[in-house]
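Peer 1: Need coordinates for the following:
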Amino acid sequence: MSEGPAARLQQLFEGHRLTPTQRRIAHCMVRQAADVPFLSSVELAELAGVSQPSVTRFAVALGFDGYPALRRHLREVAPAPADAVAETSYNEYQQAVRAEIENLQHLAGLLADPGPVENAGRLLAASRPLPVLGLRAASSQARGFAYFAAKVHPDVRLLDEGGTMLADRIDAALRAGASALLCFALPRHPREVVEALAYAQSAGLTVVTVADSAFAPVAKYSDLLIPAAVGTGLSFDTACAPMLLGRVLLEAMCDGLPDAQARLEEFDARAAARGLFVE
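Peer 2: From the prediction side, this is the model:
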């Protein structure tokens, strides 16, 4: 399986200590991976909402003499022109789907090393209760995970509403014995999510995060962050990869719950007795 431009950019940034401004540039480049090799430093600065000198310093932080050297490197590893020509034959809806396919391929590549997901599964399985946080755009991801997780985990607590009570609900989970918190964090990133993770981490919870990028604002307050890119080709972001990663984490959590299969079979028996589902 060949890697897409977004995956190659991620590899370029890994291992570098970047400032918040530089992380913002990196995140912008990943989101615009196909176009970045052809952008000037001024154009990239405008896209990322930073100054042009910040782009130059960013290139130097990556080990290049300046932005022109970084751009030359990106052009060398960019897709062949034939690929770009082929891409233009698809309409905007098809391009959005193909971009999501690339995101899923990138996720598949990351999962070649199952270690982080298996570690996350053990952390989530051991937390009683298990708070699951997701606000605004990420609320559906958190809700979907919590719905299925509740069938195998004895105490799942969905945190999908912000406000002053969010910290209270984190406190309640801590008092009940929680040891970890799972967060789904997608753009645009609400300030409340960053603040909630900072609070949860300072209170002693281990924070496991599914985010759109390793450079997302929540990274600073995540003990284990697993990235899954979102699609940006339509007016509203698409989140197929984060949703699938959530199901993968659910599977890993089930592996850490010895009675998960028994709970599923018990649910199926009750559902059949109540006639919950049509055949």
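Peer 1: Let me see the residues that make contact with stretch 218-226.
Peer 2: 23, 110, 116-117, 119-120, 123, 183, 185, 189, 193-194, 197-198, 200-201, 206-211, 214, 216, 245, 249 (CB atoms under 8 Å, 6 or more residues apart in numbering). No exception for glycine: its C-beta is placed from N, CA and C like everyone else's.
Peer 1: Then stretch 257-277?
Peer 2: By CB under 8 Å, 6+ apart, stretch 257-277 touches Ala125, Lys151, Val152, His153, Cys254.
Peer 1: Can I have the buried ones of those residues as a PyMOL selection?
Peer 2: Buried residues within the contacts of stretch 257-277, by 16 or more other CB atoms under 10 Å, are selected in PyMOL with:
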select buried, resi 125+152+153+254
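Peer 1: among the contacts of stretch 257-277, which two are most distant?
Peer 2: Between any two of the contacts of stretch 257-277, the greatest separation by CB to CB is 13.6 Å, found for Ala125 and Lys151.
Peer 1: thought Pro37 was touching Tyr67?
Peer 2: No - between Pro37 and Tyr67 there is no contact under CB atoms under 8 Å: 11.6 Å.
Peer 1: who's more crowded, these two?
Peer 2: Higher neighbour count among Pro37 and Tyr67: Tyr67, with 22 against 19, using other CB atoms under 10 Å.
Peer 1: ok, of the contacts of stretch 218-226, which come out buried?
Peer 2: Buried members of these, counted by 16+ other CB under 10 Å: 23, 110, 116-117, 119-120, 123, 183, 185, 189, 193-194, 197, 200-201, 206-211, 214, 216, 245, 249.
Peer 1: From those residues, which land in strands?
Peer 2: Cys183, Ala185, Thr206, Val207, Val208, Thr209, Val210, Ala211 (DSSP state E).
Peer 1: Just give me the closest of those to Phe145.
Peer 2: The nearest member of these to Phe145, counting by CB to CB, is Val210 at 8.7 Å.
Peer 1: distance of the closest one from Phe13?
Peer 2: Applying CB to CB, to the nearest Å, the value for Val210 to Phe13 is 19 Å.
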